[in-house]
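Engineer: Sequence first, predicted model second:
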Amino acid sequence: MLVSFLTAAIQAGTPLLFATLGETITEKSGNLNLGVEGMMLMGAVFGFQIGLSTSNPVLALVGAVVAASLGALIFAFLTVTLRANQTVTGLVLSIFGSGVAGFIGQKLAGKVLPNVVKNFFKPVKVPLLADVPYVGQILFNQDLLVYLGYIVIILSGIYLYHTRKGLNLRVTGENPAAADAAGINVSLYKYLHILIGGALCGLGGAYLSLVYVPAWQENITAGRGWIAVALVIFATWNPYKVLLGSYFFGGLDIIGFRLQKFNIRLSQYILDMLPYVVTILVLIAISLRRSKDNAPPKGLGEPYFREER
Amino acid sequence: MIFRIVKRAELSKKKAIAIRAAAIVLALVAAAVFIFALGRNPVDVYLSMLKGAFGSSYRFREIIIKAIPLTITSLGIAIAFKMKFWNIGAEGQIFMGAFAASLFALHFRDMQKPLMLLIMAAAGIIAGGLWALIPAFFKAQFGTNETLFTLMMNYIALKWVTYLQYGPWKDPASFGFPKVANFSDNAILPKVFGIHIGWIITLILIAAVYVFINRTKKGYEISVIGESENTARYAGMNVRKIILTAIFISGGICGLTGMIQASAVNNTLAVEVTGGVGFTAIITAWLGQLSAPIIFIVSFLFAALLQGGAYIQSAFQIPQAAAQIIQGTILFFVLGSEFFIQYRLVFKNEHPLKTKKEGA
């Protein structure tokens, strides 16, 4: 029972994992992109459409990544190059993305993905590891994108904390003027990591439409993009905690349904508040402790303009 | 690079308006490409958008009805933004205002109309204000990030209203359909000239907020804190108290939107009561440069855009999503155009003295 719950929690948490990691990387560069929901929707709809028309799962994922990155590119151009307000631009991106998804998606409702695509995303056992009792079943008998989730988390952790470029990125987000003085190309770093962030959000969306649901529904993300924005704080901008936080919130997402089996009657709507309440508590805890490790990047939300230092 | 970017010294109002107009024209051209790709004639679509928005007195009234919550909420947001307190929690404040107003409307169905409406309005303002005060308290006390805090509060409020609508407040007389019972007539705002009196409240609030920000001591203090908290502190202002007061007012105005929408538009509490206005109003407040009169103009134009968009859906069978794409495109262009109002590009071969003067 617990094993099946945890297995399902990881699956429910995987779209959150990609989106939250993406937003974390974006925010590390000092940009707050509230367009996560829009980018996830774009990824979800393009992934599904391309999966449907080409029967090629890899192309579907590439399409999702490219579409969401294009959304992120609009955001990057407006906020980095044209210095538009990040909050407002992100919100508009969410409107735009849900428009794009709704528009393309209106012909997709009720369509079934070809078997080639479905089979590609079936759970695959990892040799040896999957045989470890309990843990193997939970962690290593999953679909390929769940594994990809593990990999991108580890790669991001190494990148951020153990490479020169990762250090540069963190400086850019903390103090762009200092980064600039040290010869770091601030705009390039911002662009690049906003785009990577968008790409990951696209993967998160594609996971929903190709693997988790898997079908097209209007507004398929159902607010997960906003939860991802919250999760970034919950995880205090740390990729490893993003993994834990995403699976934890994935568990919260499905727990109400499971509790019904035990005749525990708690309204789903009250349970749905939990992720947000928990996030607020984390936010307050961070501000109370004022620890350097858990704080948001100092330059978050501020445009950087060399001529105005 | 062949050019560099220089801050403009001061731009004449005329030129600023010209740049914005150019942005909208460019946006319409970009959207036209998209409409063309849909196999429709962009000119026809735009003309019918205009017709859909302004073509009849009924449609014009519809614009006003859409502009009312947008303007009021933008005004509330503008007060917070003026202080650089990024209140993106208007959506939640509207919900809580609507909830508190409904609490009275549903439980005292026979109260006299004027008294009932006054109590509902007061309840809406207080509830919205208190809801905003929670993040404001933590911001003022511990410096907790308000952008994300207020964002989270939206979802809690939404889930709360959903819970009420699908749970304890579900109307038993609605045959299992998840809906809160309609208000009695006493709790519904009266109409003047065919539109509920929200429009009069809107006009009063525009003037009130304008005076508050530009002509009162509190308003001045808010602007000073927005410019620099340290300056405010050195000048002996009680920063914490000012933040709390201003955010209570900001949230209270948004809460009033909730009362107006629940009473006059939905006639009850419903998850649709905000209609996303809390988010849209952030955009209109920002594009309105946080100035009450300009916010009114921008909100009106935005409402016309929404109304025109709704019309072309039925006239051209263009789905609602396409209207959203067109909206998003226009907003992207307008946001981008702000850059050209504040800065100008100087090409390398231009006279250097001129650039130096403007750059300084």
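Structural biologist: Nice, I can see it. Predicted, not measured: the structure shown is a model, and the values here were computed from it. Numbers count the residues shown, from 1 in each chain, chains lettered A, B, ... in the order given.
Engineer: drop to CA atoms for contacts and neighbour counts, all remaining ones
Structural biologist: Noted.
Engineer: Next, the buried residues of the helix or strand where B:Ala80 lies.
Structural biologist: When elements are assigned from DSSP states H and E, B:Ala80 belongs to helix B:57-82. Within helix B:57-82, the residues scored as buried using 16 or more other C-alpha atoms under 10 Å in any protein chain shown are B:59-82.
Engineer: Does at least one residue of it sit close to chain A?
Structural biologist: No. No part of helix B:57-82 sits near chain A under the criterion C-alpha under 8 Å from any C-alpha of the partner chain; the closest distance found is 11.6 Å.
Engineer: for that helix, what is the average pLDDT?
Structural biologist: Taken as a whole, helix B:57-82 has a mean pLDDT of 93.
Engineer: If you count contacts, what does it end up packed against?
Structural biologist: helix B:42-54, strand B:195-196, helix B:198-215, helix B:217-227, helix B:239-260, helix B:277-287, helix B:292-316 (3 or more C-alpha pairs under 8 Å, 6 or more residues apart in numbering or on different chains; DSSP states H and E).
Engineer: and that helix with helix B:292-316, angle?
Structural biologist: 140 degrees (axes from the mean of the first three to the mean of the last three C-alpha atoms, to 10 degrees).
Engineer: Which other helices and strands does the helix or strand following helix B:57-82 contact?
Structural biologist: Under the assignment DSSP H and E, the closest C-terminal helix or strand after helix B:57-82 is helix B:90-107. Here helix B:90-107 touches helix B:113-142, helix B:146-166, helix B:239-260, helix B:277-287, going by 3+ C-alpha pairs under 8 Å, 6+ apart.
Engineer: chain center to the last one, what's the gap?
Structural biologist: In terms of C-alpha atoms, centre = their mean, to the nearest Å, the centre of helix B:277-287 is set 4 Å apart from its chain centre.
Engineer: Just the CA trace of it, in PDB.
Structural biologist: Below are the C-alpha coordinates for helix B:277-287, written out as PDB (Å, rounded to 0.1, in the frame of the first residue of the first chain):
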ATOM      1  CA  VAL B 277      -9.400  40.200 -12.700                       C
ATOM      2  CA  GLY B 278      -6.900  40.000  -9.800                       C
ATOM      3  CA  PHE B 279      -4.200  39.000 -12.300                       C
ATOM      4  CA  THR B 280      -5.300  41.100 -15.200                       C
ATOM      5  CA  ALA B 281      -5.400  44.200 -13.000                       C
ATOM      6  CA  ILE B 282      -1.700  43.800 -12.300                       C
ATOM      7  CA  ILE B 283      -1.100  44.400 -16.000                       C
ATOM      8  CA  THR B 284      -3.500  47.300 -16.200                       C
ATOM      9  CA  ALA B 285      -2.100  48.900 -13.000                       C
ATOM     10  CA  TRP B 286       1.400  48.700 -14.400                       C
ATOM     11  CA  LEU B 287       0.500  49.900 -17.900                       C
END
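Engineer: Between helix B:239-260 and that helix, find me the angle.
Structural biologist: Using the same axes, to 10 degrees: helix B:277-287 against helix B:239-260 is 120 degrees.
Engineer: And the contacts of helix B:277-287?
Structural biologist: Contact with helix B:277-287 is made by A:88, A:91-92, B:69-71, B:73-75, B:77-78, B:88-92, B:94, B:291, B:295, B:298-299, B:302, B:335, as judged by C-alpha atoms under 8 Å, 6 or more residues apart in numbering or on different chains.
Engineer: contacting residues around A:Tyr134?
Structural biologist: Counted by C-alpha under 8 Å, 6+ apart, A:Tyr134 has contacts A:Val3.
Engineer: one more time with 6 Å, if that's ok
Structural biologist: Taking C-alpha atoms under 6 Å, 6 or more residues apart in numbering or on different chains, we find A:Tyr134 in contact with no residue.
Engineer: how close does it sit to chain B?
Structural biologist: Noted for A:Tyr134: a distance of 35 Å to chain B, by C-alpha to the nearest C-alpha, to the nearest Å.
Engineer: Show the pLDDT at that residue.
Structural biologist: pLDDT, read off for A:Tyr134, is 87.
Engineer: got it, and B:Tyr163?
Structural biologist: Listed pLDDT for B:Tyr163 reads 91.
Engineer: Surely it and A:Tyr269 touch.
Structural biologist: Yes. In terms of C-alpha atoms under 6 Å, B:Tyr163 counts as a neighbour of A:Tyr269; the distance is 5.3 Å.
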